[in-house]
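Visitor: Show me how the following folds:
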Amino acid sequence: MTLESSPDLSAAPEQGAPSRSAEPRVPPVAAGGVPGLGHGWKLARDPLGFLSGLRDDGEVVRLKLGPKTVYAITSPALTGALALSTDFKIGGPLWESLESLLGKQGVATTNGPLHQRQRRAIQPAFRLDAIPAYGPIMAQEAHALVERWRSGATVDVMEESFRVAVRVAARCLMRGSYMDERSERICAALATLFSGMYQRMVIPLGPLYRLPIPANREFNRALADLHLLVDEIIAARRASSQKPDDLLSALLKAKDENGEPIGEQEIHDQVVAIVTAGSETVGSMVMSLLQVLADHPDQTDKIHEEVKTVVGERPVSFGDVRKLPHTANVIVETMRLRPAVWILTRRAVTDTVLGGYRIPAGADVVYSPYAIQRDPRSYAEHNEFDPDRWLPERAKDVPKYAMTPFGVGNRKCPGDHFSMAELTLITAAIAFAYRFEQAPGSDDRPRIGITLRPRRLLLKALPR
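Guide: Below you'll find the model as predicted:
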């Protein structure tokens, strides 16, 4: 999962497929459903609490979302079995809601041979030995944050977090100055889209989302602008005389199974996936890390001292990342308690059995990394922020699949090393320069969208 100095949280595959009993049981229905909406109203009102509470009903339970029956998985072992089983594919309400954004031909939403080919095409950009080439760009953007905050003005954390995430993704993976002027538009579009998509997932009202009411018009404008931006980015690269060795160039040169150039729609969808993964997920994690630094000043001080021991008074650089184990542990613990990707879905491709329970073909299955990673059966003092739980002598006691922030199996995020290096540099640079406290008007309650992040975090950056 991480660079060499970080805890190894990669989950090794278990042997075998989901268990198949001669007499599989029918999962119980979760309590609290209401006529018409089923459990959708609870998922909309308090999704984190609702999904966390399902563990008390069993390892597999049935939910009603409108007319649909959805199966919820609540144990680490079964989420691992689900992710590794060929009886399930990417699908379900989460991915259906994302298709209007990510398209049907991007690596995030495809399955089978197409997905495997796409991963092979993009994987070279994320190899461990390729990451150091991105190091200077990551460091530049991390130190740019530090410099912008020297004015003493209140920091709008959402704006700054998404700005740095978009710029790192753009400069590393789609190199070109044409991205600079478009980064703010990308951030604004994604903020609207990810909020609206979560609502469409948990309350599937279908045609009602096509009515010309203000919320739907705002959503559609944001979606159209994002796709226009992607077309502009691709056109700018094609028109440029410079052809850098980056992920966008690789896509423009990629071939399909017949040796022909991949289609324009696939290129478009792949670029959308790159932009969203490099901004929404990482940006959300930067927001949560800054909230942790404000809420836990002792941890901010520990990071400062660790960085100072390694770098003295010079700026932290990519070459220092592997020498900052406590900084990495703070990031991992933040991912545990505040995972950006807090809910995932799969779809059964055949009648199957999971944990002794019958799952019919075509059924949607949901599980929550947020709930799994806060399970008191897996973690002592499960709601406490404790980076030292990732020290090697303690991390070995964490059950398999109880901590998989970058996913498992062939859906594991290809950019895990990239993201950890980026987050480590950003965290180290800002904690070395500042302490933080929340400013008036800040609202650090969770904002529930496709990703999880603070609602409106405003901080004062106090120079050291």
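Visitor: C-terminal to the helix or strand bottoming out on mean pLDDT in the chain, what's the next element?
Guide: Here the helix or strand of the chain ranked lowest by mean pLDDT, DSSP states H and E is helix 93-102, holding a mean of 65. Next in sequence after helix 93-102, counting helices and strands by DSSP states H and E, comes helix 112-122.
Visitor: Now do that following helix, average pLDDT.
Guide: Average pLDDT, helix 112-122: 79.
Visitor: Now do that helix: which elements does it pack against?
Guide: Helix 112-122 is packed against helix 247-253, helix 264-276, with contacts defined by 3 or more C-beta pairs under 8 Å, 6 or more residues apart in numbering; DSSP states H and E. In short, each C-beta sits where N, CA and C put it, glycine included.
Visitor: next SSE after that helix?
Guide: helix 135-148.
Visitor: So which residues make contact with that next one?
Guide: 160, 164, 167-168, 171-172, 315-319, 321, 421-422, 425-426, 428-430, 433-434 (C-beta atoms under 8 Å, 6 or more residues apart in numbering).
Visitor: Now, those that are in helices?
Guide: 160, 164, 167-168, 171-172, 421-422, 425-426, 428-430, 433 (DSSP state H).
Visitor: Quick check: the farthest pair among those?
Guide: Cys172 and Ala433 (22.8 Å; C-beta to C-beta).
Visitor: Buried ones in stretch 336-356, by neighbour count?
Guide: By neighbour count on 16 or more other C-beta atoms under 10 Å, the buried set for stretch 336-356 is 336-349, 352-356.
Visitor: Now do it: distance from first to last residue.
Guide: By C-alpha to C-alpha, to the nearest Å, the extent of stretch 336-356 from end to end equals 28 Å.
Visitor: now swap in stretch 249-266 and tell me
Guide: Where stretch 249-266 begins and where it ends lie 14 Å apart, using C-alpha to C-alpha.
Visitor: Run the chain-centre distance for that stretch.
Guide: 26 Å (C-alpha atoms, centre = their mean, to the nearest Å).
Visitor: Could you do stretch 159-178 as well?
Guide: Centre to centre, stretch against its chain (C-alpha atoms, centre = their mean), the figure for stretch 159-178 is 16 Å.
Visitor: Any buried residues in that stretch, and which?
Guide: Applying 16+ other C-beta under 10 Å to stretch 159-178 flags 160-176, 178 as buried.
Visitor: any chance you could map the helices in the stretch 201-350 of the chain?
Guide: In the stretch 201-350 of the chain, the helices defined using DSSP state H, counting those that start in this stretch lie at 214-239, 247-253, 264-276, 282-295, 297-311, 325-337.
Visitor: circling back to that earlier point, save the ones in helices among the contacts of helix 135-148 as TSV, and put in pLDDT and distance to Leu229 too.
Guide: Below are the ones in helices among the contacts of helix 135-148 laid out as TSV (pLDDT from 0 to 100; distance: C-beta to C-beta, whole Å):
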residue	pLDDT	distance to Leu229
Glu160	91	20
Val164	90	18
Arg167	84	14
Val168	88	17
Arg171	82	16
Cys172	84	18
Ala421	95	26
Glu422	96	22
Leu425	97	26
Ile426	97	24
Ala428	98	31
Ala429	97	28
Ile430	97	28
Ala433	96	32
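Visitor: what separates Tyr189 from Val292, distance-wise?
Guide: Not Tyr; residue 189 is Ala. From Ala189 across to Val292, the span is 27 Å (C-beta to C-beta, to the nearest Å).
Visitor: and the nearest residue to Tyr134 once chain neighbours are set aside, how far is that from Ala133?
Guide: Residue nearest to Tyr134 in three dimensions, not counting chain neighbours: Cys172, with 4.4 Å by C-beta to C-beta, 6 or more residues apart in numbering. From Cys172 over to Ala133 the distance is 8 Å, taken as C-beta to C-beta.
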